[in-house]
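1. Here is my input; please provide its structure:
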Amino acid sequence: MRCPCLHALALWGGFPVLFITVAGTVSAPDTHTIHERRGLSSSSQSSLSSRWTKRSRVDGTSILPVRIGLTQSNLEAAQDQLLRISDPASPDYGKHWTSEQVIEFFQPSTEAIDAVTHWLVDEGIEKVTHSDNKAWLAFDAPACLVEALLHTEYYEHFDTVSGVAMPACDEYHVPKHIQHHIDYITPGVKLMAPMDMEARGHMKYKSRVKRIDRPSMAAATAAPVSANNSLTTCGAGMTPACIAAIYSIPPGDKSDASNSLGIFETDLQFWDQAALNDFFARYSPQVPQDTHPTDYLIDGGVAKTSNVSLALIDGPEAVLDIEVAYPLVWPQQIKIYDADDIRIQSWYNDTWSWGFNTFLDAIDGSYCTYTAYNETGDLVGLDPTYPDPLPGGYNGTLQCGVFEPTNVISISYGGTEAAFPIAYQKRQCNEYLKLGLQGVTFVFGSGDNGVAERVSFTESDATCIGPEGLIFNPSWPSTCPYVTSVGATYIPTGQTIYDPEWAAVFANEPEETSGGGFSNVFGAPEYQRNATDRFFATHSPDYPYYSSLVPEENNPALPNVTALAGSTGGRYNRIGRGYPDVSALGNNITIGIGKGEFLNVAGTSASTPIFASIINRINEERLAVGKTAVGFVNPTLYAHPQMFNDITKGNNTGCDGGGFNAVQGWDPVTGLGTPKYPRMLDVFLNLP
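-> Purely as a prediction, here's the structure:
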């Protein structure tokens, strides 16, 4: 009887005959060690979940696409490099990197590439390809040969939810002398099922008006709005004139073609020209009629509709973003990045990740195949997969590097750290760092649920976490240290624009407040540490706390906050990255929704484009005098707190009355405060 693997060799022709004599053995020589094993650590799946069924052995002649993720260089040193070009005291401030420099900095060492390649060649694998970003090696081979190479056995694993079968093993081995060069190998021990495309295909669009953090917009009200731009009627609604007056923002007079403001959209949020025209005519006549953004449609994204009702069926997020930003940045332009096809955007469950990864793929082609934290590319099972062949799906290939990132990108969407795998968050956060090195500013809303968040998209209410539901539940991606997180403020009823702002309370609901808190995944960054230390020294919250971060974990492991808190009874993480960094008005914001109708909305969805617009205006002034865009702004913000109105009133309750208070200095409610545009402009114009 002929050995199946030798038969596969004869058919495939990829290995010398001496490569293998017996297929399928899991015994390994002393020169090899287990690299990953199911249940070996808390980072791997200790057992198959109920949705997975282990079936028969993979046919030895089946061709497996093998990918070897190489250990990346400089992941820990990258933050120092970002600070070097972002610290206002650094002689290298503003010296942003090219995309090629970023790839070179993070790529695996030549030693790693050579060592792993030599191992494969020595074992007879000669048709090895190397990814463009140098992050991984790839080859295709019969299963029996891969089993012999890794001293493992592959079995089919069937997912009862999606109906998909995929090969996986319980463990695999690599040579000891190269183990430190290998991040992970697929197929391996991980099992991440794709989204149930057929089920999503039968979903109907459903209204999600007033959803908090889907996007970060708390509520819309039919209360009377200001009839004009008079500063005496701002109590009836914050119009563009009110916002500009409060932050001393003069009319714009410059428009560098390289300095459009970027705004991210998804989740069936559309803009409508009729609504924009009504708003401009009434509140911003300096913006010409029919002014509109340029749409960058990612993987079948849809940003515009001519149907006002359709534009608002899932909430006026896109209309809000555009109508808040245009009066502040005009005559600068706006570009909309709308991610994912309409079928993906209408899939309302807990397996969609907002399209952040597909968006990042589209503005940085290297991210499509970027390897970090034991993950390469988008995460199957959490991110969309393209082509999407079902009706309404985007049937093209994943778009990689098809659009240039703008200097500033405003993103009013987010979720919770507790719902995303640890490695997934770290890989994505590292991409914000990489783009920060290239001069891009990311501005995220801090959320509208105080210290609580939704644990999944299917939850109707925001909650805290832990066995008793008392541990504060931080927002993601605001907790990433390489983005700027924006909270919300408001001016209480009966007060004027000359009175101090308060931390925002939305829709008169006690637990609909501006998001803020401390990360369980990321530690307080160097640029923020003095501010958080001062907060704890002078205004320590009256809650027990814990002081540890989640360990390094491979996908699909989620943050185990209960384990972090342990027996301390702690409700927040004392050493985590604090957010928000800053705040801006986020309540009683007037927008036009078409057909002559106007309403007031609330949430960090308004605060975020306000602050992003201010940074874009500052970039415009720097470019006019021959300087670079500001890029990652956080180190400068914390070094110059005099640029902000310190907010000392209000709180962000969210868990049975628990939460933080706004106090003097930085706090996890309003951050450093709200912007003083003239002072910000002065500081940034005086930097190199």
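
2. Quick check: buried residues in stretch 401-419?
-> The neighbour-count check on stretch 401-419 (16 or more other C-beta atoms under 10 Å) flags 403, 405-419 as buried. (Glycine included, C-beta is placed from N, CA and C.)

3. Please identify which pair of those residues lies farthest apart.
-> Maximum pairwise distance among these (C-beta to C-beta): 32.2 Å, between Asn407 and Ala418.

4. how many other residues sit next to the nearest residue to Leu672 once chain neighbours are set aside?
-> Using C-beta to C-beta, 6 or more residues apart in numbering and skipping the chain neighbours, the partner closest in space to Leu672 is Phe644 (4.6 Å). Phe644 is flanked by 21 other residues according to other C-beta atoms under 10 Å.

5. Which parts of the stretch 501-650 of the chain are helices?
-> Taking DSSP state H, counting those that start in this stretch, the helices of the stretch 501-650 of the chain run over residues 526-539, 561-565, 604-624, 634-639.

6. wait, which of the ones you listed is closest to Thr239?
-> Closest among these, once you apply C-beta to C-beta, is helix 604-624, at 12.0 Å.

7. If you count contacts, what does the closest one end up packed against?
-> Helix 604-624 sits against strand 261-265, helix 317-329, strand 408-411, strand 441-445, strand 484-490, strand 582-585, helix 677-685, with contacts defined as 3 or more C-beta pairs under 8 Å, 6 or more residues apart in numbering; DSSP states H and E.

8. and the fourth one, C-alpha only, in CSV?
-> Written as CSV, here are the backbone C-alpha positions of strand 441-445 (Å, rounded to 0.1, in the frame of the first residue of the first chain):
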residue,chain,number,x,y,z
THR,A,441,-4.4,62.7,14.0
PHE,A,442,-7.2,60.3,15.1
VAL,A,443,-10.0,61.9,17.2
PHE,A,444,-12.5,59.5,18.9
GLY,A,445,-15.6,60.1,20.9
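
9. who's in contact with that strand?
-> Here strand 441-445 makes contact (C-beta atoms under 8 Å, 6 or more residues apart in numbering) with 213, 215-216, 407-414, 432, 435-436, 477-478, 482-486, 515, 603-605, 607-608, 611-612, 615, 629-633.

10. now do 7 Å
-> Counting contacts by C-beta atoms under 7 Å, 6 or more residues apart in numbering, the residues outside strand 441-445 that touch it are 216, 407-412, 414, 432, 477-478, 483-486, 604-605, 607-608, 611-612, 615, 630-633.

11. what do you get for the longest one?
-> By C-beta under 7 Å, 6+ apart, the surrounding residues in contact with helix 317-329 are 215, 217, 240, 244, 249, 252, 261, 263, 265, 269-272, 275-276, 279, 284, 287, 291, 293, 303, 311, 334, 410, 412, 589, 591-593, 601, 605-606, 609-610, 613, 616-617.

12. From those residues, list just the buried residues.
-> 215, 217, 240, 244, 249, 252, 261, 263, 265, 269-272, 275-276, 279, 284, 287, 291, 293, 303, 311, 334, 410, 412, 589, 591-593, 601, 605-606, 609-610, 613, 616-617.

13. quick revisit: got a markdown table for the helices and strands packed on helix 604-624, with mean pLDDT and distance to Thr463 too?
-> As requested, the helices and strands packed on helix 604-624 are exported to a markdown table (pLDDT from 0 to 100; distance: least, C-beta to C-beta, whole Å):
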| stretch | mean pLDDT | distance to Thr463 |
| --- | --- | --- |
| strand 261-265 | 98 | 26 |
| helix 317-329 | 97 | 23 |
| strand 408-411 | 99 | 23 |
| strand 441-445 | 98 | 19 |
| strand 484-490 | 98 | 20 |
| strand 582-585 | 99 | 24 |
| helix 677-685 | 99 | 36 |
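
14. so which of those gets nearest His181?
-> strand 441-445 (31.6 Å).

15. That closest one: which residues count as buried?
-> With burial defined by 16+ other C-beta under 10 Å, the residues of strand 441-445 counted as buried are 441-445.

16. Output stretch 246-254 as PDB, nothing but the C-alphas.
-> Taking Å, rounded to 0.1, in the frame of the first residue of the first chain, the C-alpha atoms of stretch 246-254 are listed here in PDB:
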ATOM      1  CA  ILE A 246     -17.600  79.800  23.100                       C
ATOM      2  CA  TYR A 247     -14.200  78.600  21.800                       C
ATOM      3  CA  SER A 248     -13.200  81.900  20.100                       C
ATOM      4  CA  ILE A 249     -12.900  80.400  16.600                       C
ATOM      5  CA  PRO A 250     -12.700  83.000  13.900                       C
ATOM      6  CA  PRO A 251     -14.100  82.400  10.400                       C
ATOM      7  CA  GLY A 252     -11.700  80.400   8.200                       C
ATOM      8  CA  ASP A 253      -9.900  82.000   5.300                       C
ATOM      9  CA  LYS A 254      -7.500  79.300   4.000                       C
END
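
17. Tell me, how many residues neighbour the closest residue to Arg571 other than its chain neighbours?
-> Of all residues not flanking Arg571 in the chain, Tyr543 sits nearest, at 4.5 Å (C-beta to C-beta, 6+ apart). Using other C-beta under 10 Å, Tyr543 has 15 neighbouring residues.

18. Next: Ser230.
-> By the measure other C-beta under 10 Å, the count of residues near Ser230 is 12.

19. Quick check: pLDDT value at the closest residue to it other than its chain neighbours.
-> Spatial nearest neighbour of Ser230, chain neighbours left out: Ala241 (7.5 Å); criterion: C-beta to C-beta, 6+ apart. Predicted confidence (pLDDT) for Ala241: 97.

20. just checking, Ala241 touches Thr233?
-> No. Taking contacts as C-beta atoms under 7 Å, Ala241 lies outside contact range of Thr233: 9.7 Å.

21. of these two, who's got more company?
-> Taking neighbours as other C-beta under 10 Å, Ala241 and Thr233 compare with Ala241 leading, 19 against 16.

22. Sticking with the more buried one, tell me its helix or strand.
-> helix 240-246 (DSSP states H and E).

23. so how far is that helix from its chain's centroid?
-> Computed by C-alpha atoms, centre = their mean, to the nearest Å, the separation of helix 240-246 from the middle of its chain amounts to 30 Å.

24. same deal with stretch 528-542?
-> From the chain centre to the centre of stretch 528-542 is a distance of 27 Å (C-alpha atoms, centre = their mean).

25. And the one residue sitting closest to the centre of the chain, what's its pLDDT?
-> Nearest to the centroid of the C-alpha atoms of the chain, with distances taken as C-alpha atoms, centre = their mean, sits Pro477, at 4.7 Å. The predicted local distance difference test score for Pro477 is 96.

26. thinking it is in contact with Val483, fair?
-> Yes. The pair formed by Pro477 and Val483 meets the contact definition of C-beta under 7 Å, at 5.9 Å.

27. got the residue ranges for the helices in the stretch 301-450 of the chain?
-> Counting by DSSP H, counting those that start in this stretch, the segments of the stretch 301-450 of the chain that form helices are 308-312, 317-329, 342-345, 356-363, 422-437.

28. I'd like to know how many residues surround the residue nearest to Pro88 when sequence neighbours are not counted.
-> When the adjacent residues along the chain are set aside, Pro88 lies closest to Thr636, with 4.7 Å between them (C-beta to C-beta, 6+ apart). By the other C-beta under 10 Å criterion, the neighbourhood of Thr636 contains 21 residues.

29. What average pLDDT does stretch 356-366 get?
-> Mean predicted confidence for stretch 356-366 is 97.

30. Equivalent analysis for stretch 129-142, please.
-> Summarised as a single mean, pLDDT over stretch 129-142 is 86.

31. list the buried ones in it?
-> Buried residues in stretch 129-142, counted by 16+ other C-beta under 10 Å: 131, 133-139, 141-142.

32. Can you lay out those as TSV showing distance to Ser50 and secondary structure?
-> Conversion of those to TSV gives the following (distance: C-beta to C-beta, whole Å; DSSP: H, G, I helix; E, B strand; the rest coil):
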residue	distance to Ser50	secondary structure
Ser131	35	coil
Asn133	37	coil
Lys134	39	coil
Ala135	34	coil
Trp136	32	strand
Leu137	35	strand
Ala138	32	strand
Phe139	34	strand
Ala141	32	strand
Pro142	32	strand
